[in-house]
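3D, please:
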Amino acid sequence: MAASGIETNSCGCASIRMNANAVAYLRSYKEILKQRFQQIDIWITAHEIQIL
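Predicted coordinates for the structure are as follows:
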């Protein structure tokens, strides 16, 4: 929670091709982020985009 007592959330976006290397990197980076921001868990989601 922020000093005001209000919970804050952050969001980011990255456009990458998902493959085994990308998944491995994101799993590793997630652990770094959890430690850096002192979080129990951080959600990283992947969504397929189709260009019509």
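
from here on, just use CA atoms for contacts and neighbour counts.
Will do.

now residue 24: how far from residue 9?
25 Å (Cα to Cα, to the nearest Å).

helices of the protein, start to end?
Secondary structure of the chain, counting by DSSP state H: helices at 20-36.

geometric centre of it: which residue is closest?
Nearest to the geometric centre of the chain sits residue 44, at 3.6 Å (Cα atoms, centre = their mean).

check that residue and give its pLDDT.
Predicted confidence (pLDDT) for residue 44: 91.

for the one 3 residues further on, same thing?
pLDDT, the model's per-residue confidence, is 87 for residue 47.

what of residue 10?
82.

how much space between it and residue 42?
10 Å.

what's the answer for residue 32, then?
Counting by Cα to Cα, the gap from residue 32 to residue 42 is 10 Å.

one more: residue 34?
In this view, residue 34 and residue 42 are 6 Å apart by Cα to Cα.

more neighbours: residue 10 and residue 42, which one.
residue 42 (12 against 4; other Cα atoms under 10 Å).

for that one, which residues are in contact?
Residue 42 makes contact with 30, 33, 34 under the criterion Cα atoms under 8 Å, 6 or more residues apart in numbering.

for residue 45, same thing?
Listed by Cα under 8 Å, 6+ apart, residue 45 has no contact partners.

how near is it to residue 15?
For residue 45, the distance to residue 15 (Cα to Cα) stands at 12 Å.

quick check: neighbours shared by the two?
Joint contacts of residue 45 and residue 15 (Cα under 8 Å, 6+ apart) do not exist.

and residue 33, how many neighbours?
The criterion is other Cα under 10 Å. On that basis, residue 33 has 13 neighbouring residues.

for residue 43, see how far away it is.
Taking Cα to Cα, one finds residue 33 at 10 Å from residue 43.

thinking again about what came up before, could the contacts of residue 42 go into JSON lines alongside pLDDT and distance to residue 19?
Listed next are those as JSON lines, based on pLDDT from 0 to 100; distance: Cα to Cα, whole Å:
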{"residue": "30", "pLDDT": "95", "distance to residue 19": "16"}
{"residue": "33", "pLDDT": "93", "distance to residue 19": "21"}
{"residue": "34", "pLDDT": "94", "distance to residue 19": "23"}
